[in-house]
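Colleague: Turn this into a structure:
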Amino acid sequence: MTSYPRRALVASPTAPAQAARAELADTWDWCALEEADMVVALGGDGFMLQTLHTLLERRRAIVPVFGMNLGTVGFLMNEWRRHDLDGRIERARAFQVTPLTATATGVDGRVHTLPAINEVSLLRETRQTAKVEVTINDRIVMDELSCDGVLVATPAGSTAYNLSAHGPILPLGSQMLALTPISAFRPRRWRGAILPDRTRVSLRVLDAGKRPVSAVADQREVRDVARVDIAMDRARELTLLFDPEHALDDRIAMEQFVA
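Modeller: Modelled structure (predicted):
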């Protein structure tokens with residue numbers, strides 16, 4: 001069991017999350033996010049991703065996050081309960097999540113560095129089908145993928161957009177990445193690939209002027225990209241805390257049996 005003497009409380013701007021924040025205001029001597037040993041986050045999965053990205057942008061050590069669902073899906077969250085919050089945090093199981101880093105080079109030559117916890121997606125911007133060259137560890141494995149888009153997902157993100165695009169569910173400790181096409185036209189039968197998480201994936205946009213493509217890392221978008229290089233960022237590992245009976249690895253595994 002771990003004690004966290006300095007805790008920060010953050011909440012999404014929605015009415016349920018703000019009401020819950022008011023309920024918890026007097027349960028602990030909360031501190032600012034910049035001073036915290038751990039964070040309690042109130043909201044949905046979108047707000048959890050926002051909180052984790054805020055931590056990734058900090059210069060000091062990244063701290064654990066215990067989320068409680070007051071949003072829509074809440075896959076990355078625990079159940080909302082005010083009762084016994086101290087005990088729940090002390091009993092919580094910790095799960096490490098390694099983010100991706102996408103280096104996106106625009107058609108204009110500008111370079112953008114984007115962290116992603118769930119996935120990095122390339123998406124066509126117009127009615128024109130995107131055409132993408134796929135390179136794995138400096139080896140071209142697909143000269144031309146014609147598609148609406150293509151994404152690289154982590155195990156934590158494999159049940160999100162990746163699953164909607166008919167990509168595989170990856171167990172949390174699998175040390176794998178999913179490379180998944182979005183509405184592939186050619187090669188029509190290609191359904192993607194499962195890659196070791198040390199793989200470097202490069203996606204080069206073909207004919208970017210006629211067929212513009214955007215890159216999206218979780219919630220952040222860069223438009224008109226020419227190339228995106230994607231790899232795991234092991235220097236900035238995140239920690240999520242879960243009630244033992246609602247742990248993240250079990251949730252991901254059970255998604256394989258959802259009809």
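Colleague: hey, C-alpha coordinates of the helix or strand bottoming out on mean pLDDT in the chain in PDB?
Modeller: Ranked by mean pLDDT, DSSP states H and E, the weakest helix or strand in the chain is helix 248-254, scoring a mean of 87. Extracted in PDB, the C-alpha atoms of helix 248-254 (Å, rounded to 0.1, in the frame of the first residue of the first chain):
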ATOM      1  CA  LEU A 248      -7.500  -2.000 -16.300                       C
ATOM      2  CA  ASP A 249      -6.000  -5.300 -17.500                       C
ATOM      3  CA  ASP A 250      -9.200  -7.200 -16.700                       C
ATOM      4  CA  ARG A 251     -11.300  -4.500 -18.500                       C
ATOM      5  CA  ILE A 252      -9.200  -4.800 -21.600                       C
ATOM      6  CA  ALA A 253      -9.300  -8.600 -21.600                       C
ATOM      7  CA  MET A 254     -13.100  -8.700 -21.100                       C
END
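Colleague: what's the average pLDDT for stretch 95-109?
Modeller: For stretch 95-109, mean pLDDT rounds to 96.
Colleague: Sort out which residues of the least confident helix or strand of the chain are buried, please.
Modeller: Going by neighbour count (16 or more other Cβ atoms under 10 Å), the buried part of helix 248-254 is 248, 252. (C-beta placed from N, C-alpha, C; glycine too.)
Colleague: Same question for stretch 225-232.
Modeller: Quick answer for stretch 225-232 (16+ other Cβ under 10 Å): 225-232.
Colleague: Stretch 161-177 too?
Modeller: 161-163, 165, 167-170, 172, 174, 176-177.
Colleague: What of stretch 30-38?
Modeller: So, applying 16+ other Cβ under 10 Å, buried residues of stretch 30-38: 30, 36, 38.
Colleague: The helix or strand harbouring Ala226 - contacts with which helices or strands?
Modeller: Assessed by DSSP states H and E, Ala226 sits inside strand 225-232. Contacts defined by 3 or more Cβ pairs under 8 Å, 6 or more residues apart in numbering; DSSP states H and E place strand 225-232 against strand 100-106, strand 119-124, strand 201-205, strand 213-217.
Colleague: Buried residues, stretch 86-102. List them.
Modeller: Buried-residue list, stretch 86-102, by 16+ other Cβ under 10 Å: 88-89, 92, 95, 97-102.
Colleague: mind listing what Gly67 touches?
Modeller: Going by Cβ atoms under 8 Å, 6 or more residues apart in numbering, Gly67 touches 40-43, 48, 51, 74, 76-78, 240.
Colleague: give me the element Leu170 is part of.
Modeller: Leu170 belongs to no helix or strand, assigned by DSSP H and E.
Colleague: quick one, the strand holding Ala226 and strand 213-217 angle?
Modeller: When axes from the mean of the first three to the mean of the last three Cα atoms, to 10 degrees is applied, the directions of strand 225-232 and strand 213-217 differ by 30 degrees.
Colleague: Please export the C-alpha coordinates of strand 225-232 as PDB.
Modeller: These are the backbone C-alpha positions of strand 225-232, laid out as PDB (Å, rounded to 0.1, in the frame of the first residue of the first chain):
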ATOM      1  CA  VAL A 225       1.300  16.400 -42.800                       C
ATOM      2  CA  ALA A 226       3.900  14.800 -45.200                       C
ATOM      3  CA  ARG A 227       5.300  12.200 -42.800                       C
ATOM      4  CA  VAL A 228       4.700  10.900 -39.300                       C
ATOM      5  CA  ASP A 229       7.300   8.900 -37.300                       C
ATOM      6  CA  ILE A 230       5.900   6.900 -34.400                       C
ATOM      7  CA  ALA A 231       7.600   5.200 -31.500                       C
ATOM      8  CA  MET A 232       7.100   4.400 -27.800                       C
END
